[in-house]
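In: Could you work out the structure for the sequence below:
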Amino acid sequence: MRKLIATLLISLMIVTFSVAHASAATRVKGYTTKKGTYVQPYYRSNSNSSKADNYSSKGSYNPYTGKKGYAKW
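Out: So this is what the prediction gives:
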């Protein structure tokens, strides 16, 4: 019975993390800069008080582009 409860708890944690991680992005619409350069639409991590969990942070990666983070905050 304990193994079953532990398995269910771990499964719930994995699903919760997956859902939270999947919704951690905001889509930015394409736009034109003042100089006339068009910037294509892209995804960025949701804003919060931490810089350590941004897609560009060292140790992270952008799941949409596959690029590794580079910035050392």
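In: gap between the two ends of stretch 41-49?
Out: 24 Å (CA to CA, to the nearest Å).
In: quick one: the helices in the protein?
Out: Remark: helices assigned in the chain by DSSP state H are 2-22.
In: Flag the shaky bits of the chain, pLDDT-wise.
Out: Within the chain, the stretches with pLDDT under 70 are 16-24, 51, 72-73.
In: residues near the nearest residue to residue 55 once chain neighbours are set aside, how many?
Out: Excluding its sequence neighbours, the residue lying closest to residue 55 (CB to CB, 6 or more residues apart in numbering) is residue 62, at 4.1 Å. The C-beta positions use only the backbone N, C-alpha and C, and glycine is treated the same way. By the criterion of other CB atoms under 10 Å, residue 62 has 17 neighbours.
In: Likewise for residue 57?
Out: Neighbours of residue 57 using other CB under 10 Å come to 18.
In: again with residue 42
Out: 15.
In: do the same with residue 64
Out: Neighbours of residue 64 using other CB under 10 Å come to 12.
In: Touching, it and residue 43? I think so.
Out: Yes: Residue 64 is within contact range of residue 43, at 4.7 Å (criterion: CB atoms under 8 Å).
In: between the two, what contacts are shared?
Out: residue 25 (CB atoms under 8 Å, 6 or more residues apart in numbering).
In: Let me see the ranges of the strands in the protein.
Out: 25-28, 31-32, 38-39, 42-45 (DSSP state E).
In: out of those strands, which comes closest to residue 15?
Out: strand 25-28 (18.2 Å; CB to CB).
In: Quick one: distance of that closest one to the chain centre.
Out: Offset of strand 25-28 from its chain centre (CA atoms, centre = their mean, to the nearest Å): 9 Å.
In: contacts for that strand?
Out: Under CB under 8 Å, 6+ apart, the answer for strand 25-28 is 41-47, 63-64.
In: Please spell out which residues along that strand are buried.
Out: Within strand 25-28, the residues scored as buried using 16 or more other CB atoms under 10 Å are residue 25.
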